[in-house]
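[1] sequence first, predicted model second:
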Amino acid sequence: MDQKRRENLVALFDSISALERKVANEWNNHNQLGFSKSHILILEYLASEGPKRPSAIAERLKVTTGGVTVLTTKLLKAGFIERTPSENDRRAAQISITEEGLEILKQSRSQIDTLINHLFGMLSEEEIKTLHTIFKKCVES
């Protein structure tokens, strides 16, 4: 790899890391609901896909099943999800979103829309599509 390409890739990596920190900081600074991005991602997943086993949630979020247990404990205590025995295998549990979970998800979408607009509102549709294409290509290679 030539020096200029290496410098450009290092600069890109630095920019990606800075953006990741900025997104996390903005989420934390404007989080009115008291839930992490991962909590909201679980609710989104359950709302769109229906009841899931913890292992499916772990795979989707790229975390361990132990991580899912930690995340779902807070959601269970708040009444936003429920754990029920699987119809096919009594040893396994299914996690599903509750009506209260759907309501908090609706509230979080407004917060997320504001955050996304603040962070990416200056980008055109074409720029967003280009970034998506580039990042998808990097992930799939």
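    It's in. Computed from a predicted model, the values in this text were never measured in an experiment. Numbering: from 1, shown residues only.
[2] what is the mean pLDDT for the helix or strand that contains residue 68?
    Using DSSP states H and E, residue 68 falls within helix 65-78. The predicted model assigns helix 65-78 a mean pLDDT of 94.
[3] and the longest helix seen in the chain, what other elements does it pack with?
    Ordering each helix of the chain by length in residues (DSSP state H) puts helix 3-30 first. Using 3 or more Cβ pairs under 8 Å, 6 or more residues apart in numbering; DSSP states H and E as the contact test, the elements touching helix 3-30 are helix 99-120. No exception for glycine: its C-beta is placed from N, CA and C like everyone else's.
[4] contacts for the helix it packs on?
    22-23, 26-27, 30-33, 35, 40, 43-44, 46-47, 75, 78-81, 97, 128 (Cβ atoms under 8 Å, 6 or more residues apart in numbering).
[5] go again with 10 Å.
    Residues outside helix 99-120 that contact it (Cβ atoms under 10 Å, 6 or more residues apart in numbering): 19, 22-23, 26-27, 29-35, 37, 39-40, 42-44, 46-48, 75, 78-82, 97-98, 121, 127-128, 131.
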